[in-house]
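Sequence and predicted structure, then a few things I'm wondering about:
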Amino acid sequence: MALQIFGFHTHPSAFAVTKADVTLEHCVFLLDFSRPLKRLRWLGVHNKWVGITVGLGVPIVHQGEQTGGYVFAVSRGEPYFSDIQVLWRKHRGSPRTTMVPPVEPLQVIADFARHFPESS
């Protein structure tokens, strides 16, 4: 499934994301603007310092976590590749405004596997 990004009118710097076929109500991961994008670059060889950006490691945080630790991959040919970079330039460092009660770590792992199956 292709990446889906859901924005919130009441929280302009919160974006729910998933690669599963679910509605916004079942989407539990948010873009984590407190961490930088990880860039995969190409200049004759893959590296993270110089060359054209060919992939992104996009940080996300579960709504029930205080701090996130997960990243999913987006390659240059996928939809939202350039949009994600624009979102990071605009919202980098924005404070998180949405939070639900904490969840168990195993639930976070299961949710990540459900929402980002190819990154698991």
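Happy to help now that I have it.

Spatially nearest residue to His62, not counting backbone neighbours?
Spatial nearest neighbour of His62, excluding adjacent residues (CB to CB, 6 or more residues apart in numbering): Val108 at 4.6 Å. C-beta: built from backbone N, CA, C; applies to glycine.

Just confirm the one you found is within a strand.
No. Remark: Val108 does not belong to a strand; assigned using DSSP: H, G, I helix; E, B strand; the rest coil, it is helix.

Count the neighbours of it for me.
One way to gauge burial is a neighbour count; for Val108, by other CB atoms under 10 Å, it gives 21.

dump the residue contacts of it.
The contact partners of Val108, taken as CB atoms under 8 Å, 6 or more residues apart in numbering, are His62, Gly64, Glu65, Tyr70.

Relative to the longest strand anywhere in the chain, what are the paired strands and their orientations?
As assigned by DSSP state E, the longest strand anywhere in the chain is strand 52-62. Here strand 52-62 has these sheet partners by DSSP bridges: strand 29-31 (antiparallel), strand 38-42 (antiparallel), strand 70-75 (antiparallel).
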